[in-house]
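1. Attaching a predicted model along with its sequence, questions to come.
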Amino acid sequence: MRGGEEFGAGEYETGEVVRPFVVTAGRTRPVTGELRLETLVSAAPAALSAPLGFERHRIVELCQYPRSVAELAALLPVPVGVARVLVADLAAERYVRVHLAGNPSVALLERIRDGLLRL
């Protein structure tokens, strides 16, 4: 803010907005394989003490019980592509575990749908 002015619509202080490409170092695709929206991700409690950046640490916090990639994107909130890149990086570094499954269960799909509808 300048000289006690209120923050007006459309005005941003320097550094408040971080573009998604900054978070992923310009990458738009995960380094390994494609993660589906319904792919479940979990993290061990020990990963909470890892020296991670904000979004990556938040993913580890959110994954203390399994969450889908779609849920993570909605909760961060970041575009799904950004969530996929971050989750793939964390999995490659072994901070999170990706649970690969054949077909998602109806319960999982309903949980994803309900989470998206709450947005």
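-> On my side now, so go ahead. Please read all numbers here as calculations on a predicted model, not as lab measurements.
2. Could you use CA atoms for every contact and neighbour count after this?
-> Fine.
3. Which parts of this structure are helices?
-> 20-23, 54-62, 69-75, 80-92, 106-117 (DSSP state H).
4. Comparing those helices, which yields the minimum mean pLDDT?
-> Mean pLDDT per stretch puts helix 20-23 lowest among those, at a mean of 59.
5. circling back: with distance to Leu37 and mean neighbour count added, can I get the helices of the chain in CSV?
-> Below are the helices of the chain laid out as CSV (distance: least, C-alpha to C-alpha, whole Å; neighbours: other C-alpha atoms under 10 Å):
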stretch, distance to Leu37, mean neighbour count
helix 20-23, 18, 14
helix 54-62, 15, 18
helix 69-75, 5, 21
helix 80-92, 8, 22
helix 106-117, 9, 13
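6. nearest to Leu35, of those?
-> The closest of these to Leu35 is helix 80-92. By C-alpha to C-alpha, the value is 6.1 Å.
7. what helices or strands is that closest one leaning on?
-> For helix 80-92, the packing partners by 3 or more C-alpha pairs under 8 Å, 6 or more residues apart in numbering; DSSP states H and E come out as helix 20-23, helix 54-62, helix 69-75.
8. still on that earlier bit, which one of the helices of the chain lies nearest to Ser42?
-> That would be helix 54-62 among the helices of the chain, by C-alpha to C-alpha, at 7.6 Å.
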